[in-house]
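Undergrad: Fold the stuff below for me.
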Amino acid sequence: MKAPATQLYWKEWVGDMALGRCSLAAQGAWVRILAVLHQSDEYGVLRWPLAELASAANVPLRYARELATKSVLKGSDRFDTDFVHTPRHAGRDLPTVILVKADGGSCWFSARFVRDEWRRTQRGATTRFTETNQPSRSPTGRVGDRQGDGPASAFASASSGIDKSLREDRSQGGADDLARALRGVAGYSECGAFVPELLEAKAAGVTPEQIANVAREKQGKSVAYIARTAIGRQLDKQQQASEVPGAPAVTAVDPEARARADELREIDAKLIDLRHHRDHTGMLSADDYTERAAPLLARWRELQPKAAMGAAS
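TA: Numbers count the residues shown, from 1 in each chain. I've put the predicted structure just below:
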């Protein structure tokens, strides 16, 4: 489905040094050329001679040439070098991809358009339902049952979506025993060891057997919901034990571990909000997102080992 509109980031428009070197007339011509590129079947790309592109956009050829000379309009009437893009994720370079393939003929394009189109096609590619990728089971619950866990559901999405590599790179520590127990229950096969609620459950003294029993009882609930339920039961158990004379002492919840888990939840929420504005509202460009997310991700990395140590103590 062809996009009915495109996003225009005013900060990038004003800050584009190449475009700023062009005359005002050429800058106006660029808007008309973008409108033509937007309608192309190969989004953002037209394999026409420059003169034909200028004619289709109803702009003088000299302004189209000015835009091409200043590298605002990319391409050539003899385009012989692929236009490539190296995506980044979690501070790492991913494999380079070809966005515009060279064929030696005329080819003109907007670098921003082709990059945005590639990102659009990649988002959610592994989670879309297809003939071979269907939900594992139907939703459960009776009519009138409360659906979802409120804040817990939102946090479960954060825990699974936030830079998974930051957690998976660490194969030791954290709440690994609780995560292993959950992965043994149907529906939780991808549970990670550094989900903040699991770290909090570990600090509260929840055992793998307890967390697995709650998961089986609350089948289909989020990991955060399962962990909070197990913590509540453990705290009740501690309270009852403290009221029985001669009962063995039970380790209390570490306030520092709880504070770290709370901060991790807050970072998750902020990153989700930034991603929403980058991917859906257009209020953040990719560069703005990277700038704002970097300190949050750095703090995330700093807290993870501490959270693991707190859980293990």
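Undergrad: how near is residue 179 to residue 206?
TA: The spacing between residue 179 and residue 206, counted by C-beta to C-beta, to the nearest Å, is 12 Å. The C-beta positions use only the backbone N, C-alpha and C, and glycine is treated the same way.
Undergrad: hmm, I was thinking of residue 45
TA: Taken as C-beta to C-beta, the span from residue 45 to residue 206 is 55 Å.
Undergrad: just to revisit the earlier point, of residue 179 and residue 206, give the one with the bigger neighbour count.
TA: residue 206 (26 against 23; other C-beta atoms under 10 Å).
Undergrad: and the more buried one, which of the three is it?
TA: coil (DSSP: H, G, I helix; E, B strand; the rest coil).
Undergrad: residues contacting it?
TA: Going by C-beta atoms under 8 Å, 6 or more residues apart in numbering, residue 206 touches 178, 227, 230, 231, 234.
Undergrad: My guess is residue 277 contacts residue 292. True?
TA: No: contact criterion C-beta atoms under 8 Å: residue 277 and residue 292 do not qualify, at 9.4 Å.
Undergrad: Show me the common contact partners of those two, please.
TA: Residues touching both residue 277 and residue 292 (C-beta under 8 Å, 6+ apart) are residue 284.
Undergrad: before we move on, back to that, I'd like the contacts of residue 206 as TSV, with neighbour count and pLDDT appended.
TA: Shown next, in TSV, are the contacts of residue 206 (neighbours: other C-beta atoms under 10 Å; pLDDT from 0 to 100):
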residue	neighbour count	pLDDT
178	28	85
227	30	83
230	26	85
231	24	83
234	20	79
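Undergrad: Out of the residues you listed, name the ones that lie in strands.
TA: Using DSSP state E, no member of these sits in strands.
Undergrad: Can I get the residues you listed in JSON lines including distance to residue 288?
TA: Output for these, formatted as JSON lines (distance: C-beta to C-beta, whole Å):
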{"residue": "178", "distance to residue 288": "37"}
{"residue": "227", "distance to residue 288": "34"}
{"residue": "230", "distance to residue 288": "39"}
{"residue": "231", "distance to residue 288": "37"}
{"residue": "234", "distance to residue 288": "42"}
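Undergrad: Closest to residue 74 out of those?
TA: Proximity of the contacts of residue 206 to residue 74 (C-beta to C-beta) peaks at residue 227, which lies at 49.8 Å.
Undergrad: which residues of the stretch 51-200 of the chain fall in helices?
TA: With DSSP state H, counting those that start in this stretch, the ranges of helices along the stretch 51-200 of the chain come out as 61-69, 111-122, 151-161, 164-168, 176-183, 196-203.
Undergrad: Which strands and helices lie in contact with the longest one?
TA: If I follow you right, that is helix 111-122. Under the contact definition 3 or more C-beta pairs under 8 Å, 6 or more residues apart in numbering; DSSP states H and E, helix 111-122 sits against helix 24-38, strand 83-85, strand 97-100.
Undergrad: what about residue 35, distance to residue 94?
TA: If you go by C-beta to C-beta, the gap between residue 35 and residue 94 works out to 32 Å.
Undergrad: Could you list which of the contacts of residue 206 belong to helices?
TA: Members of those lying in helices (criterion: DSSP state H): 178, 227, 230, 231, 234.
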